[in-house]
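Peer 1: here is the input, now give the coordinates:
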Amino acid sequence: MKRISVLMLVLVTILSCSDEIKFNTPAVQGKKDGNLWRATSYEVRYNNAGRIVIVGKNGNDGLYFTVPNLELGAKYLGRGSSSKAEYLIFDQISYSTNFVPNPEFSLYPPDGEIEITQVTATSVSGRFWFNAFSQDGLKTVNFSQGVFFDVPLYNLGGGLDSCDDVVAEAQAAEELYNNTDPSSPQYTEVCLAYKAALQQQIATCGGGGANSPLQIIINGLGDCQ
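Peer 2: Residues are numbered from 1 along each chain as shown. The predicted structure is shown next:
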C-alpha cells in the first residue's frame, strides 16, 4: 500500500511539473490565453522616441514592452502608465494595454505588470503578465506566467544623443504627469519618470544650476510620494 501511495505521488508530481513554463537561454515566453507562446528572436533597443523596448518575436507575432528605464522593480501596465505592453500580429490585429475595452464587451480595464529582476552589461531579465485589448475594444488577449531571460541589449550604452529627442521625451513625460491624478496608484511611477526625464534633459542639453527652471521643477517634485 505504501509503494502504491509513493507511486501515485511521483505521478502527480510529474504531471504537475509538465505544465510549467520551461525556457532556454535567452528567452521570451509566457502563456497566451492559456497556451505556451515562445519567441524565436529577442532584443532590447530604443524606439524612435528614445524609449526602451523589450522585444520578442515569433514569425508574424510580436511582444513589445515599452518602459522608461531599466531600473530593477515592477512597472504597472495600463492606462495612465508610462509603461505599456503590446501584442501585434503583423497585418492583422494589435493589442495594447493602452487600448480600452468597449463598455458593452467588458467592464475590466487593461492591466498588467512587468518586473525587471536583473540587468547586466549585455542583457536584461524579468517577468510579466498583462491583459490587453484591440483598438476597437472588442477583442482581448491575456499573457500570464511570462518571463524574459538574458534578452540581449543592443546599442543602449550611449543612450539618447540628440538634445531634441531628450526634450521631446521630457515633454511627453510632463504631459503624462499632468494628466495623472495624484491619488492614482500609478502616480509615483509617472512622477519618477518625469523627474528622470528632466534630469536627462539637463545632462544632455545643459541648463542645470541650482536656480535653473528645470532644477526648480525637479525640486518641486520631491520624492514623488
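Peer 1: would you map the helices across this structure?
Peer 2: In chain order, the chain shows helices spanning 2-17, 163-178, 187-205, 213-221, with DSSP state H as the criterion.
Peer 1: skipping its backbone neighbours, what lies nearest the residue positioned nearest the centre of the chain in space?
Peer 2: When CA atoms, centre = their mean is applied to the chain, the residue found nearest the centroid is F65 (4.0 Å). In space, and not counting its chain neighbours, F65 is closest to I54: 4.2 Å by CB to CB, 6 or more residues apart in numbering. To be clear about C-beta, it is placed using only N, CA and C from the backbone, and glycine gets the same treatment.
Peer 1: and the gap between L214 and Y177?
Peer 2: Here the criterion is CB to CB, to the nearest Å. By it, L214 lies 14 Å from Y177.
Peer 1: got any ranges where the chain has weak pLDDT?
Peer 2: Applying pLDDT under 70 to the chain flags the ranges 1-24, 48-50, 155-162, 164-165, 204, 206-210.
Peer 1: which segments of the chain make up each domain?
Peer 2: Following the assignment in automatic domain parsing, the chain carries domains at 21-152, 163-221.
Peer 1: which residues sit in contact with the residue lying closest to V190 once chain neighbours are set aside?
Peer 2: Once its chain neighbours are removed from consideration, V190 has its nearest residue in T180; the separation is 4.6 Å (CB to CB, 6+ apart). Under the criterion of CB atoms under 8 Å, 6 or more residues apart in numbering, the neighbours of T180 are 80, 186-187, 190-191.
Peer 1: by neighbours, which of those residues wins?
Peer 2: For the contacts of T180, the largest number of neighbours (other CB atoms under 10 Å) sits with V190, at 25 neighbours.
Peer 1: count the residues that sit near A172.
Peer 2: A172: 18 surrounding residues under other CB under 10 Å.
Peer 1: hmm, back to that, contact partners for the residue nearest to F65?
Peer 2: Contact criterion CB under 8 Å, 6+ apart gives 28, 42, 44, 64-65, 67, 114, 124, 148, 151 as the residues in contact with I54.
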